[in-house]
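Colleague: from the sequence below, what's the structure:
(chains A and B)
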Amino acid sequence: RKEVEQDPGPFNVPEGATVAFNCTYSNSASQSFFWYRQDCRKEPKLLMSVYSSGNEDGRFTAQLNRASQYISLLIRDSKLSDSATYLCVVQGGKLIFGQGTELSVKP
Amino acid sequence: DAGVIQSPRHEVTEMGQEVTLRCKPISGHDYLFWYRQTMMRGLELLIYFNNNVPIDDSGMPEDRFSAKMPNASFSTLKIQPSEPRDSAVYFCASTTSGMALGGTQYFGPGTRLTVL
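Modeller: Residues are numbered from 1 along each chain as shown, chains lettered A, B, ... in the order given. Sure thing, here's the model as predicted:
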């Protein structure tokens, strides 16, 4: 079983749609959680951290459920520029990356 | 400020040849990471250094892979001999102790390696 699992997608959505990505992790001792974004043929970049209480950054909302070992990312009012691969990342010492969920936002 | 610099950006080589990938971390960063990304396996950590000392090389696939960090501003990842299954994008990333706690790593643009 992979340490971090994500639905690879692709998710194809129209502009303005709301889209949610899910991620599960296997190590209950994991300490911190993040979402990274990777544009096509580019390097990954930190998008946001994920806290147990849930946190928002503009149109992006991240949530963590430690009991279920589950992380989510919600994107509201999606834009064409949101098209990318979203990587779920778990930290327990080093960073463990999921394989990513591809999002394509269409006009 | 310059980000993480990697060279070469693209490398095409033949099976059996030696390949050397290079990385210059962001100045002042004391952690350096080497990752490999493939479609099948995603982004995998190969090795990381703290203050130029290798801390965890458990991700290095086999003895054909070696990494060094002779000083705070330079690291190499060497594959000898290379094999077609080594074809991937190799990323170098750097961070500081404080930023590492917050999950922030700064990635270089990557080296796209193709082994024929």
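
Colleague: flag every residue of chain B that's near chain A.
Modeller: B:33, B:41-45, B:48, B:56, B:91, B:101-105, B:107-110 (Cβ under 8 Å from any Cβ of the partner chain). Yep, even glycine has a C-beta here, placed from its N, CA and C like the rest.

Colleague: 6 Å instead?
Modeller: B:G42, B:L43, B:L45, B:G103, B:T104, B:F107, B:P109, B:G110 (Cβ under 6 Å from any Cβ of the partner chain).

Colleague: show me which of these has the smallest pLDDT value.
Modeller: Within the residues of chain B next to chain A, B:G103 has the lowest pLDDT, namely 80.

Colleague: number of nearby residues for that residue?
Modeller: Burial of B:G103 is recorded as 21 neighbouring residues (other Cβ atoms under 10 Å in any protein chain shown).

Colleague: closest to B:V19 out of the residues of chain B next to chain A?
Modeller: Nearest to B:V19 among the residues of chain B next to chain A, counting by Cβ to Cβ, is B:G110 at 14.1 Å.

Colleague: residue contacts, that closest one?
Modeller: Counting by Cβ atoms under 6 Å, 6 or more residues apart in numbering or on different chains, B:G110 touches A:E43, B:V89, B:F91.

Colleague: confirm that the last one sits in a strand.
Modeller: Okay, so that is B:F91. Yes: under DSSP: H, G, I helix; E, B strand; the rest coil, B:F91 sits within a strand.

Colleague: what is it paired to in the beta sheet?
Modeller: For B:F91, the residues forming beta bridges with it (DSSP bridges) are B:Y35.

Colleague: got a list of what it touches?
Modeller: Contacts of B:F91 by Cβ under 6 Å, 6+ apart are B:Y35, B:F107, B:G110.

Colleague: how does it look with 7 Å?
Modeller: By Cβ atoms under 7 Å, 6 or more residues apart in numbering or on different chains, the contact list for B:F91 reads A:E43, B:Y35, B:Q37, B:F107, B:G108, B:G110.

Colleague: try the second one
Modeller: With contacts taken as Cβ under 7 Å, 6+ apart, B:V89 has the following neighbours: B:Q37, B:G110, B:T111, B:R112.

Colleague: again, only using 10 Å
Modeller: Counting by Cβ atoms under 10 Å, 6 or more residues apart in numbering or on different chains, B:V89 makes contact with A:41, A:43, B:10, B:35-38, B:43, B:109-113.

Colleague: which of these ranks first by neighbour count?
Modeller: B:Y35 leads the contacts of B:V89 on contacts (other Cβ under 10 Å) with 27 neighbours.

Colleague: output the set of residues of chain A in proximity to chain B.
Modeller: On the criterion Cβ under 10 Å from any Cβ of the partner chain, chain B has as its neighbours in chain A the residues A:2, A:4, A:6, A:8, A:31-36, A:38, A:41-46, A:48-50, A:85, A:87, A:89-91, A:93-100.
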